[in-house]
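J.: Sequence plus the predicted model coming up.
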Amino acid sequence: MPTPNNELKNLLRRKYGLSPAEPTSQQIQNIKRYLQVQGRIISGQELEQTIAKYCPSFGSHTYAGVDNTDLTTLLKLISKEK
C-alpha cells in the first residue's frame, strides 16, 4: 500500500517533470516547511516556483500517460504529511 509521502513524490514527479531521484524526503520537508511559513493559501504558480526552488530537476523529465493530478490533491498531500 503506497504511503502518502510516496504518493506525493509520484504526483510531483509526473506533474512537474522531476527526475526519478527527486523529490527526496529532505526536499519534501523543505517544500512543506516553506509553504507552512507562508500561512496562507498559495497559488498554483507559487507552488510551481517553490517546487522548482527545491528540486533542481524541475521540468527536465516527461512521463507518459494521462496526467490526472490537480493542485487540490497536491496541496492536500503536502499538508497531510507532517
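T.: Cool, got the structure. Being a predicted model, the structure only gives us computed values, none of them experimental.

J.: Quick check, pLDDT for the residue minimising distance to the centre of the chain.
T.: The centroid of the chain falls nearest to L12 when counting by C-alpha atoms, centre = their mean (3.9 Å). Residue-level confidence at L12 comes out at 88, pLDDT.

J.: element containing it, please.
T.: In the assignment (DSSP states H and E), L12 maps to helix 4-16.

J.: Could you identify the helix or strand that succeeds that helix?
T.: Next along from helix 4-16, by DSSP H and E: helix 25-38.

J.: Off-centre distance for that following helix?
T.: 10 Å (C-alpha atoms, centre = their mean, to the nearest Å).

J.: now stretch 31-40
T.: Distance, centroid of stretch 31-40 to centroid of chain: 13 Å (C-alpha atoms, centre = their mean).

J.: if we can go back for a sec, show me what counts as buried in the helix holding L12.
T.: Neighbour-count burial for helix 4-16, counted by 16 or more other C-beta atoms under 10 Å, picks out 5, 8-9, 11-16. To be clear about C-beta, it is placed using only N, CA and C from the backbone, and glycine gets the same treatment.

J.: Packing partners of that helix?
T.: helix 25-38, helix 44-54, helix 71-80 (3 or more C-beta pairs under 8 Å, 6 or more residues apart in numbering; DSSP states H and E).

J.: Low-confidence stretches in the chain?
T.: Residues of the chain that meet the criterion pLDDT under 70 lie in 1-2, 64-71, 75, 80-82.

J.: if I read this right, L47 contacts T72, doesn't it?
T.: No: in this structure L47 lies outside contact range of T72 using C-beta atoms under 8 Å: 11.0 Å.
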